[in-house]
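Student: 3D model of this:
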Amino acid sequence: MCKAFDEMQEMGWIGTERPRMVAVQAEGCAPIVRAWLAHQSSSQFFQNAATIASGLRVPGRSAIF
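Tutor: Here you go, the predicted model:
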């Protein structure tokens, strides 16, 4: 989303103001939250990930910016 807002600004569609960005993860699968709290720049695979909402169950690695 941040990249999209930057691109829209470059095209002159919007100004410099940005909305507050918030992200959440299910407690049973929270690799980004765990990495953020540990001050790491990337997440690790979340073992035994489990959530009621299967669309939120994404245990893989990713970079944190």
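
Student: contacts for the helix ranked longest in the chain?
Tutor: Counting by DSSP state H, the longest helix found in the chain is helix 2-10. With contact meaning Cβ atoms under 8 Å, 6 or more residues apart in numbering, helix 2-10 is reached by 14, 15, 16, 18, 21, 65. No exception for glycine: its C-beta is placed from N, CA and C like everyone else's.

Student: what ranges does the chain have for its helices?
Tutor: Counting by DSSP H, the helices of the chain are 2-10, 31-37.

Student: quick revisit: please state the offset of the longest helix of the chain from the chain centre?
Tutor: Centre-to-centre, helix 2-10 and its host chain are 17 Å apart (Cα atoms, centre = their mean, to the nearest Å).

Student: hang on, the earlier thing: just the contacts of helix 2-10 now: which is nearest residue 59?
Tutor: When the contacts of helix 2-10 are ranked by distance to residue 59 (Cβ to Cβ), residue 65 comes first, at 19.4 Å.

Student: rewinding a little: now the longest helix of the chain: buried residues?
Tutor: By neighbour count on 16 or more other Cβ atoms under 10 Å, the buried set for helix 2-10 is residue 5.

Student: average pLDDT across it?
Tutor: Averaged over helix 2-10, pLDDT sits at 95.

Student: again, but for stretch 34-49
Tutor: 90.

Student: what's the first-to-last distance across it?
Tutor: End-to-end distance for stretch 34-49, by Cα to Cα, to the nearest Å: 13 Å.

Student: middle-most residue in the chain, spatially?
Tutor: Taking Cα atoms, centre = their mean, the centroid of the chain lies closest to residue 23, which sits 5.6 Å from it.
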